[in-house]
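Novice: could you look at this predicted model? Sequence included:
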Amino acid sequence: MNTSNQETNKGKGTTRIPNKLVNEKSPYLLQHAYNPVKWYPWCDEAFEKAKNENKPIFLSIGYSTCHWCHVMAHESFEDEEVAELLNEAFVSIKVDKEERPDIDAVYMTICQATTGHGGWPLTILMTPDKKPFFAATYLPKDPGYNLIGLYDLLSEVKRRWEQDPADLQNTGNKLADIIKREFESSLDPAEPSKDMINLAVTQFNQSFDHEFGGFGSEPKFPSPHNLLFLLRHSYYEADQRALYMVEHTLERMYRGGIFDHIGYGFCRYSTDARWLVPHFEKMLYDNALLALTYTEAYQYTKKEFYRSVAEQIFEYIRREMTSPEGGFYCAQDADSEGVEGKYYVFTPDEINRVLNKEDSASEDASFACNYFNITNEGNFEGYSIPNLIQTNEIISSDNEQLRRVCSKLYTYRLNRSRLHKDDKILTSWNALMITAYATAAKVFRNSDYADVAKRAAQFVSNNLMDESGRLFIRYRDGEAAFPGLIDDYAFYCMALLALYDCSFDERYLEQACALADKMYELFGDDKYGGFFLYAKDAQQLIYRPKEVFDGAIPSGNSVAGYVLQRLANITADSKYIRLADRQLRFLAGQISDYPAGFSFSLMAFQSALYPSRQIVCVAVRSDSSRANNHEVNDPENYEELSDYLSDNYEPNTVVLLKTEENAEKLKEIADFVEDYMAINDRTTYYICENHHCIAPSNELISGNKN
């Protein structure tokens with residue numbers, strides 16, 4: 001067999017000889033394993049080579065379902081001319097930003113600071129000691145789109161490095177020093193206040209799209225944590241305007257093409273104001289946070305529409321994004337057969353061919369075209385994205401005809417074209433989906449959802465945590481890799497607390513406390529407060545960032561504040577009270593200028609500033625539950641408590657369940673419950689709120705949010 005590196009493998013721009021990426025697990029890196037570019041993963045070998053050969057480093061960061069990453073790969077990294085230049089004059093490193101969010105965060109900050117924007121693919125040119133002197137996002141091979149061509153850029157850098165490398169090295173040193181001073185320093189702590197919360201609500205009001213919902217102009221991102229914050233604000237302050245912003249946005253997003261009305265689940269963002277034309281990739285984190293938001297919206301408003309949307313998201317996750325072992329996959333691609341959105345769009349002729357094969361379904365095609373607005377003119381490059389923007393009334397997802405139509409079109413789509421799936425399992429994103437499933441299990445009283453959440457948590461514990469309790473970032477193909485970041489610890493701690501809320505299993509609460517302790521040990525900053533992105537004993541980059549801004553997902557620092565405050569409310573442990581106070585003061589010092597950009601931090605503030613309610617249930621199991629051998633903490637044993645937590649939207653209520661079997665373990669977690677006993681040999685409730693406690697009772701008394 002001829003194995004010349006000029007001989008193509010599957011098409012133009014691939015070779016039969018693999019590069020250094022071939023043994024990696026990341027689907028993104030494996031997509032580039034047969035490029036003619038001699039890629040390295042991020043490793044000591046690559047940096048040693050650059051130092052020994054005195055070459056600059058070309059760093060490219062992206063992810064496997066990124067459309068423009070694919071474009072740049074086809075234009076440049078599969079191009080022999082570009083590859084020859086990179087292989088001659090540079091050491092080329094490829095990084096999956098989902099596997100190494102620490103590397104991505106450092107160099108994305110540099111790109112944003114020097115260019116005013118960021119995104120993927122991220123393109124960095126840097127010295128062998130990792131100091132960048134040029135940053136950009138997507139670059140075409142040849143000049144265009146008002147962008148320099150990658151080939152011209154590389155040629156110029158090659159020339160300058162050969163003639164005067166010190167000049168580029170000095171630029172890298174200066175830029176690294178500026179970034180280090182700017183982002184490793186910390187603002188003074190401040191007191192969290194309702195003024196910050198009210199200012200954020202005002203800022204959301206100012207940017208709210210009254211017609212189509214959402215905030216700002218296109219492209220429009222779901223940013224569900226903003227909606228979760230506003231939902232809580234509506235509850236605490238009886239603010240109907242905040243509730244309207246949430247409800248209008250949730251309905252308009254669902255109506256748009258950003259929601260997949262055939263196979264369910266939300267795409268990443270909308271390119272237009274109406275939520276019609278999405279960027280078609282689907283991300284696990286978006287769907288987790290949106291499922292959580294629709295679930296909480298249902299619990300607050302009792303509108304079945306929100307429950308239906310949440311259940312459709314969970315159905316999508318079950319069908320397409322859950323591994324056989326119970327973990328959740330990362331994402332699905334926007335492209336199919338090299339065309340963005342091809343998988344999702346239809347023409348009326350296609351609808352007729354698929355749905356009119358049987359006489360009994362003769363009306364289904366016209367129904368589908370009318371309901372989903374499938375027209376000859378189309379709404380996306382001559383095709384139609386199914387949507388409900390102009391539909392007068394949303395039909396229940398239980399409607400027999402609707403389910404029949406969607407089922408047939410879904411099956412047809414699966415066979416018509418295929419989507420690439422990134423099947424990495426990430427701890428942080430899995431934690432968000434566990435939180436969503438566990439919350440829905442509690443709100444909907446759905447034991448199947450509880451089982452899914454528990455199984456996913458078991459997967460994390462078995463495969464993404466070592467014997468010392470330290471987490472890894474990702475799992476794929478039998479391998480866990482890369483030390484966990486603050487997001488992994490904070491998000492998983494939140495998931496464990498949600499699991500406790502839906503199961504009353506004190507083992508989840510015990511794990512959450514242990515994880516919070518480990519989080520502080522590894523990431524806490526004793527000098528300035530807050531949590532660093534990566535651990536104190538991890539491989540050090542050019543600076544050690546603390547991320548606070550809530551972007552597409554909440555920051556690790558904001559979720560850390562939220563879970564520490566919740567642990568303080570649950571356990572009354574002075575350690576967590578102290579840590580929560582310190583973290584919230586740190587967050588308040590960071591966000592005062594534009595609090596609307598830090599909505600999850602504001603949710604942590606709400607937990608501290610608004611009255612909390614603690615319910616300790618000292619449970620006495622009924623004779624029937626004993627006879628039926630129900631598990632000790634089976635929610636069926638405590639119907640009144642479970643019904644209460646399902647029916648009432650009380651974000652600042654925490655619950656402890658004490659039983660004869662778990663009393664000793666629970667005392668280790670929250671020692672104040674030791675003296676709480678059942679009265680009259682019946683289940684007894686001890687309730688404290690607004691900093692005072694009421695007499696214990698055998699009846700669960702409704703609380704007062706104010």
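Specialist: Looks like it arrived, so ask away.
Novice: quick check: phi and psi at Ser323.
Specialist: When read as degrees, to the nearest 10, the backbone of Ser323 gives phi -80, psi 160.
Novice: number of residues surrounding it?
Specialist: Close neighbours of Ser323, defined as other C-beta atoms under 10 Å, add up to 15. Every C-beta, even on glycine, is put in place using the N, C-alpha and C of the backbone.
Novice: Gln299 too?
Specialist: 23.
Novice: check Lys667 too.
Specialist: 14.
Novice: same check on Ser336?
Specialist: Taking other C-beta under 10 Å as the definition, Ser336 ends up with a neighbour count of 20.
Novice: roughly how far does Asn690 sit from Ser612?
Specialist: 8 Å (C-beta to C-beta, to the nearest Å).
Novice: looking at it, Glu340 is touching His67, isn't it?
Specialist: Yes: using C-beta atoms under 8 Å, Glu340 is in contact with His67, at 5.5 Å.
Novice: quickly list what's touching both of those two.
Specialist: By C-beta atoms under 8 Å, 6 or more residues apart in numbering, Glu340 and His67 have these common neighbours: 280, 334.
Novice: contact partners for the closest residue to Val22 other than its chain neighbours?
Specialist: In space, and not counting its chain neighbours, Val22 is closest to Ala33: 4.3 Å by C-beta to C-beta, 6 or more residues apart in numbering. By C-beta under 8 Å, 6+ apart, Ala33 lies in contact with 18-19, 21-22, 24, 39.
Novice: is Ala33 in a helix, a strand, or coil?
Specialist: Secondary structure assignment for Ala33 (DSSP: H, G, I helix; E, B strand; the rest coil): coil.
Novice: quick check on it: phi, psi?
Specialist: Backbone torsions of Ala33, given as degrees, to the nearest 10, read phi -70, psi -20.
Novice: what's the pLDDT at it?
Specialist: Per-residue confidence (pLDDT) for Ala33: 96.
Novice: for the residue nearest the centre of the chain, which residues are in contact?
Specialist: Nearest to the geometric centre of the chain sits Tyr285, at 2.8 Å (C-alpha atoms, centre = their mean). Contacts for Tyr285 (C-beta under 8 Å, 6+ apart) come out as 428-429, 432, 552-553.
Novice: could you check how far it is from Tyr329?
Specialist: Counting by C-beta to C-beta - Tyr285 and Tyr329 are separated by 12 Å.
Novice: the stretch 451-600 of the chain: strands as residue ranges?
Specialist: Per DSSP state E, counting those that start in this stretch, the stretch 451-600 of the chain carries strands over the ranges 472-476, 479-483.
Novice: contacts for the last one?
Specialist: Think strand 479-483. Defining contact as C-beta under 8 Å, 6+ apart, one finds that strand 479-483 is touched by 25, 99-100, 463-464, 470-475, 534-535, 538.
Novice: among the residues you listed, which are located in helices?
Specialist: Mapping those onto helices (DSSP state H) picks out Asn463.
Novice: longest helix in the chain, by residue count?
Specialist: In the chain, with assignment by DSSP H, the single longest helix is helix 165-184.
Novice: contact partners of that helix?
Specialist: Against helix 165-184 from outside (C-beta under 8 Å, 6+ apart): 54, 56, 109-110, 113-114, 126-127, 129, 131-133, 157, 160-161, 542-546.
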